[in-house]
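Engineer: got a predicted model here, sequence first, then my questions.
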Amino acid sequence: MQASSQAPHRATPWPVLRNALVSYMNTHRHNGVQGFVEMDVTDALAKIARAQKTLRIAVSFHAFMLHAMVRALAAHPTMVSYRHKDKLISFDDIDVLTPVEKRITHGGRIPVGYVVRGSTEIARHLRDVTKAREALNERTVGPRE
């Protein structure tokens, strides 16, 4: 076989801006849990496709996953609680930190954290909007077969 003239990877300079993030993370206590999760998303993608067809709106996989996570956390409130001295601090509402890509100069992108505040209320609102939209589609288009 003949060797390819292109390298199997592309090297780019380390973004200087990331040094600030690394320095910040190194100055704080490391309390993050690390792990690896693998899951089959076939059913989720099918549900997204059905929702897009039924509701006639675009639904991103990222939004679907955040919505599913918030619903699971709302069902298990101890997962959004923590211990402070001799008390258990719990929250009625859930804030979700999610990474999003931010464009920087020269066309690059960096991941930044975005906090979705009031996620429980947003999930409740989405559920109400979905039910209303389905009812509207049912009246205008007719029941699905």
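Structural biologist: Perfect, I can see it now. Note that this is a predicted model, so its numbers are computed, not measured.
Engineer: can I assume residue 98 sits in a strand?
Structural biologist: Yes: with DSSP: H, G, I helix; E, B strand; the rest coil as the criterion, residue 98 is assigned to a strand.
Engineer: neighbours of it, how many?
Structural biologist: 14 (other Cβ atoms under 10 Å). Heads up, the C-betas are built off the backbone N, CA and C, glycines and all.
Engineer: for it, name its beta-bridge partners.
Structural biologist: residue 114 (DSSP bridges).
Engineer: ok, residue 130 touching residue 56?
Structural biologist: No: contact criterion Cβ atoms under 8 Å: residue 130 and residue 56 do not qualify, at 11.8 Å.
Engineer: more crowded one of those two?
Structural biologist: residue 130 (14 against 10).
Engineer: how much space separates the more buried one from residue 118?
Structural biologist: Residue 130 sits 18 Å away from residue 118, taking Cβ to Cβ, to the nearest Å as the criterion.
Engineer: equivalent analysis for residue 81, please.
Structural biologist: For residue 81 relative to residue 118 (Cβ to Cβ), the value is 18 Å.
Engineer: check which residues of the helix or strand hosting residue 137 are buried.
Structural biologist: Using DSSP states H and E, residue 137 sits within helix 119-141. For helix 119-141, a neighbour-count test (16 or more other Cβ atoms under 10 Å) marks 119, 120, 122, 123, 137 as buried.
Engineer: got the CA coordinates for that helix in CSV?
Structural biologist: Only the C-alpha atoms of helix 119-141 are listed here, as CSV (Å, rounded to 0.1, in the frame of the first residue of the first chain):
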residue,chain,number,x,y,z
SER,A,119,-34.7,24.5,34.7
THR,A,120,-37.6,22.9,36.6
GLU,A,121,-39.9,25.7,35.7
ILE,A,122,-38.7,25.6,32.1
ALA,A,123,-39.4,21.8,31.9
ARG,A,124,-42.9,22.4,33.3
HIS,A,125,-43.5,25.1,30.7
LEU,A,126,-42.2,22.9,27.9
ARG,A,127,-44.5,20.2,29.0
ASP,A,128,-47.5,22.6,28.9
VAL,A,129,-46.5,24.0,25.5
THR,A,130,-46.1,20.5,24.1
LYS,A,131,-49.6,19.4,25.3
ALA,A,132,-51.2,22.6,24.0
ARG,A,133,-49.4,22.2,20.6
GLU,A,134,-50.4,18.5,20.4
ALA,A,135,-54.1,19.5,21.1
LEU,A,136,-53.9,22.2,18.5
ASN,A,137,-52.5,19.8,15.9
GLU,A,138,-55.1,17.2,16.8
ARG,A,139,-57.9,19.8,16.1
THR,A,140,-56.4,21.2,12.8
VAL,A,141,-54.9,18.1,11.3
